[in-house]
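> Here is a sequence together with a model predicted from it:
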Amino acid sequence: MSNRPGASLNTDSPTLPSRETIEGDVRRALAEDIGSGDVTADLLPSGANARARVITREAAVLCGTAWFGECFRQIDPDVRVEWHVADGDRVAPGTVLCHIEGAARSLVTGERTALNFLQTLSGTATATATYVEATRGTRTVVLDTRKTLPGLRLAQKYAVRVGGGRNHRIGLFDAVLIKENHIAAAGSIAAAVQRARALHPGLLVETEVENFSELREALAAGADRIMLDEFELHELAQAVAEVGGRVPLEVSGSVALDRVRAIAETGVDYVSIGALTKHVRAIDLSMRIEISGL
């Protein structure tokens with residue numbers, strides 16, 4: 001691809017969600033925005049054509065091109081989008097991301113929804129890349145959580161992968177995560193792990209612990225992964241030494257950017273960060289349209 005302003009963060013090109021998922025995301029978003037019809041676009045002559053360009057006003061890791069293009073495809077299949085960058089590219093302020101050509105009404109109708117996807121998913125990818133960069137050189141892998149925007153989980157988890165992170169479980173169905181309430185209901189960590197193995201033998205079983213007594217119980221119970229919740233830095237280092245690589249250790253809770261490097265340097269295997277998908281700050285993008293045929 002020509003005019004690429006920066007190298008992609010992911011050489012293996014993270015797999016997009018299914019076509020059905022992207023179509024569904026866009027269909028819902030367009031329905032809530034357009035409703036019974038774009039009454040403002042009606043002010044434009046039906047025969048007018050337009051050309052537009054999308055520009056970023058800040059540095060970012062781009063993500064969401066498939067959703068952006070799908071917005072215009074569903075509105076008007078004749079609209080053409082030409083990308084100059086790809087998901088995973090680092091873009092500098094002022095970079096022209098794409099050009100769009102088609103009916104003027106179609107471009108103004110799709111502008112907001114298309115930008116919403118591109119800005120939001122680029123925000124998630126950019127935040128993830130910042131955390132990944134902060135942990136570079138350590139063994140620690142940056143993970144997301146289930147704290148995603150309702151209805152956009154697969155899109156945001158894709159954005160995390162584009163930013164260089166990895167996904168924790170997708171939902172409540174693909175891994176067992178035993179937390180405080182589950183332990184209380186089961187009676188103990190050991191009982192909860194044993195029941196999880198019996199009910200779901202093919203799934204990863206992870207348990208959260210809040211102190212060293214629970215850590216030792218989780219080790220003895222044979223958990224596949226142990227989540228250290230709200231441990232102090234010196235306690236994390238002690239836990240890593242005590243476990244000695246027998247089970248992967250994950251840190252959650254209060255994993256802020258100014259603290260993540262110190263956490264990673266304790267030697268833990270994973271940090272899970274809800275802020276990647278929960279505290280999303282959309283990237284500042286602008287779509288500038290030039291209308292002809294008026």
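Yep, it's here.
> in the stretch 101-250 of the chain, which spans are strands?
Counting by DSSP state E, counting those that start in this stretch, the segments of the stretch 101-250 of the chain that form strands are 141-143, 176-178, 205-209, 225-229, 249-252.
> And the ones you listed: which comes nearest residue 165?
strand 141-143 (4.2 Å; Cβ to Cβ). From N, CA and C alone the C-beta is placed, and that goes for glycine too.
> for residue 252, what are its contacts?
Contacts for residue 252 (Cβ atoms under 8 Å, 6 or more residues apart in numbering) come out as 145, 208, 227, 228, 229, 271, 272.
> Now it. Nearest residue, chain neighbours left out?
Closest residue to residue 252 apart from its sequence neighbours, by Cβ to Cβ, 6 or more residues apart in numbering: residue 272 at 4.6 Å.
> Of the strands of the stretch 101-250 of the chain, which is nearest residue 60?
Closest approach to residue 60 among these is made by strand 141-143 (17.5 Å; Cβ to Cβ).
> which element is the nearest residue to residue 114 once chain neighbours are set aside on?
Using Cβ to Cβ, 6+ apart and skipping the chain neighbours, the partner closest in space to residue 114 is residue 71 (4.0 Å). Applying DSSP states H and E as the criterion places residue 71 in helix 65-75.
> Check which helices and strands that helix is in contact with.
Helix 65-75 is packed against helix 19-34, strand 80-83, strand 96-103, helix 104-134, with contacts defined by 3 or more Cβ pairs under 8 Å, 6 or more residues apart in numbering; DSSP states H and E.
> and of the contacts of residue 252, the nearest to residue 125?
residue 145 (15.9 Å).
> Residue 248 versus that closest one, what's the distance?
Applying Cβ to Cβ, to the nearest Å, the value for residue 145 to residue 248 is 16 Å.
> Can you give me the buried ones in stretch 215-233?
Within stretch 215-233, the residues scored as buried using 16 or more other Cβ atoms under 10 Å are 215, 217-219, 221, 223-229, 231.
> Can you pull out the low-pLDDT segments for this structure?
Within the chain, the ranges that satisfy pLDDT under 70 run 1-13, 293-294.
> redo that, cut-off 80
Across the chain, the ranges flagged by pLDDT under 80 are 1-13, 254, 292-294.
> residues in contact with stretch 161-175?
9-10, 14-15, 61, 63, 87-88, 121, 124-129, 131-132, 141-146, 153-154, 157, 160, 177, 203-206, 272, 276.
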